[in-house]
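Visitor: How does the following fold in three dimensions:
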Amino acid sequence: MDIEFNKNEDRMNMLISAMEQKLAKTYLGGGKAKIDKQHEQGKLTARERIEFLLDKDAKFIEVGAFVGDGMYKEHGGCPSGGVVIVIGYVSGRQCIVVANDATVKAGAWFPITGKKNLRAQEIAMENRLPIIYLVDSAGVYLPMQDEIFPDKEHFGRIFRNNAVMSSMGILQISAVMGSCVAGGAYLPIMSDEAMIVDKTGSIFLAGSYLVKAAIGETIDNETLGGATTHCEISGVTDYKCKDDQDCLTRIRNIMSKIGDFDKAGFNRIESKEPKKNPKDIIGIIPDVRDKQYDMQEVIDRLVDESDFEEYKEGYGQSILCGLARIDGWSVGIVANQRKVVKSKKGEMQFGGVIYSDSADKAARFIMNCNQKKIPLVFLQDATGFMVGSRSEHGGIIKDGAKLVNAMANSVVPKFTVIIGNSYGAANYAMCGKAYDPRLIVGWPTAQVAVMGGAQAAKVLVQIEVASLKAKGEVITPEKEAELYNKIKDRYDTQTSPYYAASRLWLDAIIHPLDTRKWISMGIEAANHSPITKAYNVGVIQT
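Guide: Numbers count the residues shown, from 1 in each chain. Now for the predicted structure:
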């Protein structure tokens, strides 16, 4: 191993360690005292419930662990958005589990909680995955009700989606394991099956205090909407469970008996490990963002047997395209090349920049994968499209539009991994969040922004300095440097992968060595949903 590799490895390991420490803190939810209180009530925590429910020793992935990170500080924070979401296996069936974390503001819904719950339902609908809700929530977080209650993508959209999923034949199971209040009471009852835990679960449109205030009736919450009431009097719930473990075991029993699903038919053979050591990835990614590296070396450590069938190898070399397998699944890979390459015309092409010929090649490859019914994997590390007179005169906008069109209209599932830079139009062309990847994740080295912090700061400083000079202020070099550093620090914060994951621009920040697992489980989920739409890219200029 050379010195550069060791430097890269040290930096990546530091980033991974910081991520794992941050995750460990996030997993505590509202803190140890709140966890202890949950146990005193005879209840498991959200993560303990999920652990009990999922098949032992089976793979799972968590969506949105960093949601809410650094947000709502004036309200005490909202770790993981107050809800835990995983894709895993219950009685051998892949499904998505959504569990309210009652240690975070009693499981109340912040605006980001609503967004995260809707993301879970979106994944279920796209992939026709069964969805299991473990309900323990005080309902809408009232101090922020205007940001979670009335709009199209707010709280009410959850129940709309319950109805849509029911019409689609997607199984929904709800377990009421704590509070289920007001509008939230509709979620379990709009599911296919609902169960409730005796003495700790409750469902009502209005609790005892509000009932007293509204109609003068005096009644306790258990009599109003407890397990006995809803299983023996109202008939609202289907199963009465003695405790959390009994409830979760019943869900496992139900899941063990459901029928099989129609499949999309994506090609899969026996999985093979890469021939090149995947752990080398840790030392391949440079310790400085603008350093060059060969993306082919990364691909060789992600794909089965390190076997990559490259498409148009000598053309459009700033994007690598080719067929491979990941954990046995056939995939088409579209990846930004990060080393300087020389075109057949003798022109040098910078790594991480998309050129016209590369955009043209990638568009054609995406069309081919759709024709062959092969899922697409995008590996992003790009600063944008090439600029300047030569590119503009060569029609870079036309070729970029061709790529975006081909990618946006893809009917095969798409999966995006942001390895490094994800700037500007490159984010769009390489299947950013706005272009419906089934899953989108970033490595700890990822950055998402219109442009890099240094470039953005230089532009914004020029504007700020011009404005101040127009007001007659004298701008010294020291003052200009101060402005630059202040703007760059703010911009760098916003390009952080944690900033993106906090707002669900990314589904997760992952260890690079978990990339194969995320893509494999994502394609397995997508295989639940047959392709019913013909591929049509619309009008593309050639």
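Visitor: separation between the residue lying farthest from the centre of the chain and A481?
Guide: Centroid-distance maximum for the chain: G472 at 48.0 Å, with CA atoms, centre = their mean. Distance, G472 to A481, by CB to CB, to the nearest Å: 21 Å. (C-beta placed from N, C-alpha, C; glycine too.)
Visitor: Quick one: end-to-end length of stretch 337-349, please.
Guide: 10 Å (CA to CA, to the nearest Å).
Visitor: repeat for stretch 429-440
Guide: Distance across stretch 429-440, first residue to last, is 14 Å (CA to CA).
Visitor: tell me the contacts of S496?
Guide: Q447 (CB atoms under 8 Å, 6 or more residues apart in numbering).
Visitor: can you tell me how far it sits from D69?
Guide: Distance of S496 to D69, given as CB to CB: 10 Å.
Visitor: Then T223?
Guide: 41 Å.
Visitor: Thought Q296 was touching R338, still the case?
Guide: No. R338 is beyond contact range of Q296, at 9.7 Å (criterion: CB atoms under 8 Å).
Visitor: More neighbours: which of these two?
Guide: Per other CB atoms under 10 Å, whichever of R338 and Q296 has more neighbours is R338, with 30 against 17.
Visitor: The more buried one - that's part of a strand, no?
Guide: No. Under DSSP: H, G, I helix; E, B strand; the rest coil, R338 falls outside any strand and is assigned coil.
Visitor: Now the nearest residue to it once chain neighbours are set aside: which helix or strand?
Guide: Nearest residue to R338, sequence neighbours excluded (CB to CB, 6 or more residues apart in numbering): G351, at 4.2 Å. Using DSSP states H and E, G351 sits in no helix or strand.
Visitor: Ok, A194 next?
Guide: Applying DSSP H and E, one finds A194 within strand 193-197.
Visitor: For the residue nearest to R338, give me its contacts.
Guide: Shown in contact with G351 (CB under 8 Å, 6+ apart): 292-293, 318, 336-341.
Visitor: tell me which of the residues you listed is nearest to L379?
Guide: Closest approach between the contacts of G351 and L379, by CB to CB: N336, at 6.9 Å.
Visitor: returning to that earlier point: so which of T223 and D69 has more stuff around it?
Guide: The neighbour comparison of T223 against D69 (other CB under 10 Å) goes to D69, with 22 against 11.
Visitor: in terms of contact, does that one touch R503 like I think?
Guide: No. Assessed by CB under 8 Å, D69 is found out of contact with R503, at 9.1 Å.
Visitor: mind checking the longest helix of the chain?
Guide: As assigned by DSSP state H, the longest helix anywhere in the chain is helix 3-26.
Visitor: Buried residues, the helix or strand following that helix. List them.
Guide: The C-terminal neighbour of helix 3-26 among helices and strands, as given by DSSP H and E, is helix 32-40. Along helix 32-40, these residues count as buried under the neighbour rule (16 or more other CB atoms under 10 Å): 34-35, 38.
Visitor: In JSON lines: these, plus pLDDT and distance to A106.
Guide: Output for the buried residues of helix 32-40, formatted as JSON lines (pLDDT from 0 to 100; distance: CB to CB, whole Å):
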{"residue": "K34", "pLDDT": "97", "distance to A106": "9"}
{"residue": "I35", "pLDDT": "97", "distance to A106": "13"}
{"residue": "Q38", "pLDDT": "96", "distance to A106": "10"}
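Visitor: got those as CSV, with distance to I440 columns?
Guide: CSV is the format used below for those (distance: CB to CB, whole Å):
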residue, distance to I440
K34, 31
I35, 31
Q38, 32
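Visitor: which one among the residues you listed gets closest to I487?
Guide: I487 has its nearest neighbour among the buried residues of helix 32-40 in K34, at 38.6 Å by CB to CB.
Visitor: dump the residue contacts of the closest residue in space to that closest one that isn't next to it in sequence.
Guide: Closest residue to K34 apart from its sequence neighbours, by CB to CB, 6+ apart: T103 at 3.7 Å. By CB under 8 Å, 6+ apart, the contact set of T103 is 29-31, 34-35, 37-38, 45-46.
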